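Student: Next one to model:
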Amino acid sequence: MELLSVRSVGFVAWVASTLVATAARAACPERTVWPGAAWEEAADRMDPEALAAFEDYTFTLQGKDEDRVGVRTDGVVIIQGGKKIYERYARGFTEKNRHLTWSVSKSFTNALVGIAVREGLLSVDDSICKHLAWAEEGAPYCRVTVRHLLEMGSGFAFKEVYENESNQVSSVLAMLYGEGQRDAAKFVAHHAFRDEPGTTWMYSSGDTTLLMAVVQSALQPKYGEDFPWKLLFDPIGITSATWERDGAGTMIGSSYLYLTPRDMARFGYLMLNDGCWNGTRVEPEGWIQQSLQIDPAMERKAIDRGPTDVHGWQFWLNKPLSTDKQRPYPDVPEDAFFALGHWGQSIAIIPSKDLVIVRVADDRDGTFDLNRFLSLAMKAVKP
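Tutor: Next comes the predicted model:
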C-alpha cells in the first residue's frame, strides 16, 4: 500500500516540519545495517556445537504431532546486528506462512498508540470517551484513560481465562467468539468495575482491545482504514500483515494479527532501535523507554499475577518488581523485553546482545521454558 502523499502547506510549515524531521533523525541510534526487501544473512555467527543443543531442545517433538504435547516449535528467526543469523521451520511451516501471533498483537497496538501520540492525535491521559463515537457522556467507563489501558489498569472486571472455560465464565472467550464479536470494544467498556482505574493491575485482552478502538478512532479519519500499513507496516518493510476485525470494523488489537516470523523480526528490530528505522523515527522519542517501565498499577497491586509476569506498556519485561527476589528469566539479561502470545509466540528483544529472537509455535501443555530457550539461543551465537 502506498504512503499518504505530503501536501505543501506553505514555506513556514515546510521549514518547521523539516526541522522536526531533522531532529527526529538526529535522535535515532546510529546503525549502518538495515534490511531491504530481505534480511542480509550471516549464518557463520552460530556456534555449531551450541546450536545443536539449541535445536535439540527447540525442535524435538514428543510423541505424535496430533497429541500436542511438549515443545512444538513452528519456526525460529534470530537477528543480530541487523543480519539474519539463523532461521529454521518445522511441522510444515515455511518462511512464507503467516502465523497467528495471539497476544504478540498487543505490542503492535502499543506501537500504533505511540504513532498517534507522535501525530498529535492522542494523549495518554485522554479519557477514552474523547475518541469513541459511541461513548455516552458521563458513563462510568469515561474514567478510563489511554494510560490505564496501556498499563492494564482499567479496573474492569474482565475475566482472562482460556481453555476449558465457557463464554459465560471467560470474558475473553465471549469477546472473541461470543457476543463481543459484534463490537468488542463496546463489550469490554460495559463490564462492571472491579477496582478504580489505575489502582490495580490485571492482565486483560479486553484493555488492549478497547485501546485499539481508541487509537483506530484517532488515526483512521486522517489515514484511512489501512492506517497500520501506512504508518507502521509499510515504513519498516512488513508485507505479510493480516489483522482481523470485529463486526464493527475494529481490528482486534489484543489477539488477531497474523505475520511471518521474518516480519515479526522487523518489528523487534524497530523496538531494538528505539522506534527508529533507517534513520527515520517511527515512534516518538522516549516512547520505547517509557513503555519499558514497570506498570505503576502492578507495583501497587497485581491481581492473578503469574510467576514471570512483569509488565510495561503492552510489553513484558525482565526486571524484578520491588517485591521480587530475582528477574523473571534469570539466564537472560535484565534489559530484555518481550512481545508474548498464547501457545508460545514470542519476539524477544535483547539490547545488550544486539539480538532479536522470534519464535512461533503451538505449545499446549506448559512444557516450553522461555528462559531455557533464550539461554540456549544466546549460547549458540558466537561472541
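
Student: Using the three-state scheme, assign residue 85.
Tutor: strand (DSSP: H, G, I helix; E, B strand; the rest coil).

Student: For residue 380, see how far away it is.
Tutor: Separation of residue 85 from residue 380 (Cβ to Cβ, to the nearest Å): 9 Å. Where you see a C-beta, it was placed from the backbone N, CA and C, and this is true even at glycine.

Student: what is in contact with these two at once?
Tutor: Overlap of the contact sets of residue 85 and residue 380 (by Cβ atoms under 8 Å, 6 or more residues apart in numbering) consists of residue 46.

Student: Would you confirm that residue 243 contacts residue 256?
Tutor: Yes - here residue 243 reaches residue 256: they are 6.4 Å apart, a contact under Cβ atoms under 8 Å.

Student: Give me the common contacts of those two.
Tutor: residue 105.

Student: Compute the number of surrounding residues for the closest residue to residue 242 other than its chain neighbours.
Tutor: Counting by Cβ to Cβ, 6 or more residues apart in numbering, residue 258 is the residue found nearest to residue 242 once chain neighbours are left out, at 4.3 Å. For residue 258, the count of nearby residues is 16 (other Cβ atoms under 10 Å).

Student: ok, now how distant is residue 258 from residue 87?
Tutor: 19 Å.

Student: and if you look at residue 259?
Tutor: Counting by Cβ to Cβ - residue 259 and residue 87 are separated by 15 Å.

Student: Okay, now the unreliable bits of the stretch 51-200 of the chain?
Tutor: For the stretch 51-200 of the chain, the stretches with pLDDT under 70 are 164-168.

Student: Centroid-nearest residue for the chain?
Tutor: Most central in the chain under Cα atoms, centre = their mean is residue 107, positioned 1.7 Å from the mean C-alpha point.

Student: Which residues are in contact with that one?
Tutor: 267, 271, 314-315, 339, 347.

Student: and what of residue 278?
Tutor: 31, 34.

Student: give me that answer again for 10 Å
Tutor: 25, 28, 31-36, 235-237 (Cβ atoms under 10 Å, 6 or more residues apart in numbering).

Student: before we move on, what about residue 187?
Tutor: Contacts of residue 187 (Cβ under 10 Å, 6+ apart): 158, 171, 174-175, 178-181, 206, 209-210, 246, 248.

Student: and those as CSV, adding secondary structure?
Tutor: Conversion of the contacts of residue 187 to CSV gives the following (three-state DSSP):
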residue, secondary structure
158, coil
171, helix
174, helix
175, helix
178, coil
179, helix
180, helix
181, helix
206, helix
209, helix
210, helix
246, coil
248, coil
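
Student: And the residues you listed, which is closest to residue 222?
Tutor: residue 248 (19.4 Å; Cβ to Cβ).

Student: quick one: the closest one and residue 171, what's the gap?
Tutor: For residue 248, the distance to residue 171 - Cβ to Cβ - is 18 Å.

Student: who has more neighbours, those two?
Tutor: Between residue 248 and residue 171, counted using other Cβ under 10 Å, residue 171 has the larger neighbour count: 23 against 15.

Student: show me the contacts for that one.
Tutor: By Cβ under 10 Å, 6+ apart, the residues touching residue 171 are 156-161, 165, 178, 180, 187-188, 191, 204-206.
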